[in-house]
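[1] Pasting the sequence and the predicted coordinates here, then a few questions.
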Amino acid sequence: MDADDETFAPITDEVGTNGGDEQRSRRPIISGDHLDIEAYASLYSGRTKIMRLLFIADHSSDEKVGNPSMNLEALRMAYDEIKKGENTQLMREVAQKINGRLGPSYELDSAWCDAVDHRAEQKKEKLDNELNAYRTNLIKESIRMGYNDFGDFYYAHGQLGDAFKSYVRTRDYCTTSKHIVHMCMSVILVSIEMGQFTHVTSYVNKAEQAPDALDSITIAKLRCAAGLANLEAKKYKLAARKFLETNPELGSHYSEVIAPQDVATYGGLCALATFDRTELKSKVIDNLNFRNFLELVPEVRELINDFYSSHYASCLEYLGNLKANLLLDIHLHDHVETLYDQIRHKALIQYTLPFLSVDLSMMANAFKTTVAELQKELEALITDNQIQARIDSHNKILYARHADQRNATFQRVLETGREFDRDVRSMLLRSNLVKHDYNVRQFRKL
Amino acid sequence: MDPMEALVAQIQGLSSTPGDIARLHIILKQADDSLRAESTRLSPVLGQLAPSEHSLGFLYVLDAFTSGQISKQQAETSVPIITGFINACNAEQIRLAPEKFVLVCKRLKDQVMMLEAPIRGVGPLLTAARKLQLSTEHLTPLHSDFLMLCVLAKCYKTGLSILEDDIFEVDQPRDLFLYCYYGGMICIGLKRFQKALDLLHNVVTAPMSTLNAIAVEAYKKYILVSLIHHGQWQLSTSLPKYASSVAQRSLKNFCQPYIELANSYGTEKIAELEAYVQTNTEKFENDNNLGLVKQVVLSMYKRNIQRLTQTYLTLSLQDIANTVQLNSPKEAEMHVLQMIQDGEIYATINQRDGMVRFLEDPEQYKTCEMIENIDSSIQRIMALSRKLSAMDEQISCDQLYLSKVGRERQRYDFDDFDVPTKFNI
């Protein structure tokens, strides 16, 4: 596997032309060209590990981010992992995807499938009987356990919908807040797997409202789940807040959903895309809790620092290197483009903010792009009213433009006056018409 | 004595004091049927009467005289008579019989239409409308006919004189619909799009219980004009709340090609818009809106150039041509020049190196004219707000309104009365 060795990308010479510190140490930027699948997979456990591996397998083959060896590698590990569990459905899928490319030991093992299915059948019957017995005895705790066992059973066998239902059913039989939290955590887990992130939000809220104080790990888990839900709902700012609030005690306790490295990456990118400078400083860079996470992913730490200290070129380079791997992430995949665009826009906006005029060729240099491209990007941002400036395309200079408050006010006042005038007149007219209608009706009555 | 001669004598005798005229009015009403029966030999009678003094009598006779079907030749003779009468008649007298007057004027309209010379009716109808209306706020049934003739005769400026009055009093909703619709067309002809929008807006949002063709046509034009003027279609989602529910529900269904046009405009891609117009030319032509649609396409170029002024300080003509998708820098120059002339953008063209320099709006809101302008706006709005409170007062004293509200209030009172007993168990 060639993904193990870390290739050193030569850093491009000019970094920031605005900072004045061109002697900045030329640190090598670690390129994450090829994802180390084994290391990646070891961060996770349970179903998410399989799903993530399968996701990598799917996306490394059809997109130009990976290579066929990666595809097979991921499938092989997924196969091994499934074999440890009891999910025959996934087994069949994976075997079909492998399609004999990994030799005879990775064929569809129908004997294993049948055996597991058979056992599952028996276990289901047993659970059913037990539950019925509990129900006739009306022992709340036992019923709860029964449903919970059912949920676990369905979850292990990949029937997420049924698992969800069973877990939710335990709710009526919860007697202590600990039970409620347990129920919520199970439901959240299943919902994340199902991709039903609205459920995640509501059950996170429910868990947080539990009367007893939660232990810090559970709180961290809930923060992560809420962050994921917000991320999926494209509420990046909220997502960033949740991830930033996550306590580093999380460690690998939530490996069935998220790894601490992910918290750093998700939180860092979302924060970068949505926070302003002061927020970035106070909530990310000076955040002791989050620093622990960032230490796990030095690239993200570096790129946030670069962004804050206006070394946009190296920041964007880090981003570019990370992109391939992020595209293989099951949760971040759909949002990479949007987040990257937003980060880039923010960088452009921040770059122009302190200046009255900016030389476009210098700026293009700082952003490692051509003047023409930069001009296009700036044009879009100005049209969007995100940068108050105008481009002198003849001399290639960007001039800041300060809106004349007085003129704008006059303009608005006159416009409002016109609107009021128009609205009142047409209102009077309409009311007269309505009155007329009344008159006509009155005549008819007479 | 011949009854006709007697009538003439009475008209001549009883046309001086208001009391006499009231009596004459009664006599004339009784004589109306016999006059109509004699319609063919009334021409000499008209000669015996002076339209300025015996206006009421003249009106009755004229009405009877023109009541039958007439040919083109007859129209040639009767148009001058009616025109002369309208110009000379006494306003107070004809207001006693407004229906008759309207009828005569409408016949004039029909006749000039028949003669295919709508311009001959423009002047007289303007005079007629002015004479008939009690105040400038009053909409007469003649307004819409007058505006229609203006549109046909392309006398837009004349039409504008009547559109500048604010209309509040309306007799017939239909008059208002037509008035606003034709008025909108006149304003479009004069490129006064804001005014046109206001008028068409009135049609679309007027209270109506069933959908009518005027509203549908007005809505189509409304969409087009707002694209031309604002570069967007504000009502894209729904009509304002005060529009009638019929309009909100079903207007859109009748204007599908126009709504799609607006959507296509929203993409800001000129090629797409042009392709759409190309494929639907026939539909727009059938609605007689093709000219406007072409203006919509043109306005897209303008809008795109205007957008450039927001982002650029200088830009070469070549770049303008590229961004706006014009064929050559020359064409771009023409567009920019035209827009500078129309005051739509502020810019200078440097022909030597083909650069356009966009400037800021030079208006500083410091000149006397601007202050006067603002002052007049304030005055106008104050007057309007006085009118509003007067209207409010009037409505709160209106018998019909009170009786309706009173009925509802009573029911509430009854409920109020009921509430305590419920809780007094």
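    Received it, and whenever you're ready, just let me know what you need.
[2] how close does A:I219 sit to A:L43?
    Counting by CB to CB, to the nearest Å, the gap from A:I219 to A:L43 is 21 Å. All C-beta spots, glycine's among them, are computed from the backbone N, C-alpha and C.
[3] no no, A:H253
    Between A:H253 and A:L43 the computed distance is 12 Å (CB to CB).
[4] the more surrounded of these two?
    Between A:H253 and A:L43, A:L43 has the larger neighbour count (other CB atoms under 10 Å in any protein chain shown), namely 17 against 13.
[5] How about the backbone phi and psi for the residue nearest to that one when sequence neighbours are not counted?
    Nearest residue to A:L43 in three dimensions, chain neighbours excluded: A:A259, at 3.8 Å (CB to CB, 6 or more residues apart in numbering or on different chains). Dihedral pair for A:A259: phi -100, psi 150, per degrees, to the nearest 10.
[6] Show the pLDDT at A:A259.
    According to the prediction, A:A259 has pLDDT 86.
[7] That one: neighbouring residues, count only.
    Neighbourhood size, A:A259 [other CB under 10 Å]: 23.
[8] low pLDDT regions in the chain?
    Because you didn't say which chain, this covers chain A. Low-confidence segments of chain A (pLDDT under 70): A:1-35, A:61-68, A:438-446.
[9] think we crossed wires, I meant chain B
    Applying pLDDT under 70 to chain B flags residues B:1-3, B:39-40, B:234-238, B:408-425.
[10] Please enumerate the strands of it.
    For chain B, applying DSSP state E gives strands covering B:138-139, B:169-170, B:312-316, B:347-350, B:355-358.
[11] so the residue nearest to A:L43 makes contact with A:H253?
    No. Using CB atoms under 8 Å, A:A259 is not in contact with A:H253, being 10.5 Å away.
[12] would you turn the strands of chain B into TSV with mean neighbour count?
    As requested, the strands of chain B are exported to TSV (neighbours: other CB atoms under 10 Å in any protein chain shown):
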stretch	mean neighbour count
strand B:138-139	20
strand B:169-170	20
strand B:312-316	22
strand B:347-350	15
strand B:355-358	20
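[13] now for the longest helix anywhere in chain B, which elements pack on it?
    The single longest helix within chain B, with elements called by DSSP state H, is helix B:368-396. The contact analysis (3 or more CB pairs under 8 Å, 6 or more residues apart in numbering or on different chains; DSSP states H and E) places helix B:368-396 against helix A:405-445.
[14] Around chain A, which positions in the stretch 151-300 of chain B sit nearby?
    B:166-173, B:176, B:198, B:201-202, B:205-207, B:242 (CB under 8 Å from any CB of the partner chain).
[15] ok so, going back, and the longest helix of chain B with helix A:405-445, angle?
    30 degrees (axes from the mean of the first three to the mean of the last three CA atoms, to 10 degrees).
[16] returning to what we had before: who touches the residue nearest to A:L43 in this structure?
    Counting by CB atoms under 8 Å, 6 or more residues apart in numbering or on different chains, A:A259 touches A:L43, A:Y44, A:S252.
[17] helix, strand or coil for the closest residue to chain B within the stretch 51-200 of chain A?
    Using CB to the nearest CB, A:T198 is the residue of the stretch 51-200 of chain A that sits closest to chain B, at 25.6 Å. Using DSSP: H, G, I helix; E, B strand; the rest coil, the structure places A:T198 in helix.
[18] would a markdown table of the contacts of A:A259 with secondary structure and distance to A:F150 be doable?
    Shown next, in a markdown table, are the contacts of A:A259 (DSSP: H, G, I helix; E, B strand; the rest coil; distance: CB to CB, whole Å):
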| residue | secondary structure | distance to A:F150 |
| --- | --- | --- |
| A:L43 | coil | 29 |
| A:Y44 | coil | 25 |
| A:S252 | coil | 28 |
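[19] Which of those sits closest to A:H59?
    Of all the contacts of A:A259, A:Y44 has the smallest distance to A:H59: 16.5 Å, by CB to CB.
[20] and the closest one, how many neighbours?
    23.
[21] Contact partners for the closest residue to chain B within the stretch 201-350 of chain A?
    Per CB to the nearest CB, A:L348 is where the stretch 201-350 of chain A lies closest to chain B, at 13.7 Å. Contacts for A:L348 (CB under 8 Å, 6+ apart) come out as A:F367, A:E377, A:L378, A:L381, A:I387.
[22] if you set the cut-off to 7 Å instead, what comes out?
    With contacts defined as CB atoms under 7 Å, 6 or more residues apart in numbering or on different chains, A:L348 is in contact with A:E377, A:L378, A:L381.
[23] Going along the chain, name the helices of the stretch 101-250 of chain B.
    Secondary structure of the stretch 101-250 of chain B (DSSP state H, counting those that start in this stretch): helices located at B:119-132, B:141-153, B:156-163, B:173-189, B:193-205, B:213-230, B:245-254.
[24] which residues sit against the fourth one?
    Contact partners of helix B:173-189, identified using CB under 7 Å, 6+ apart, comprise A:433, A:436, B:139, B:141, B:143-144, B:147-148, B:150-151, B:156, B:159-160, B:163, B:170, B:195-196, B:199-200, B:202-203, B:206, B:212, B:214-215, B:217-218, B:221, B:225.
[25] Among those, name the buried ones.
    With neighbours counted by 16 or more other CB atoms under 10 Å in any protein chain shown, those contain buried members at A:433, A:436, B:139, B:141, B:143-144, B:147-148, B:150-151, B:156, B:159-160, B:163, B:170, B:195-196, B:199-200, B:202-203, B:206, B:212, B:214-215, B:217-218, B:221, B:225.
[26] Fine, thanks again, bye for now.
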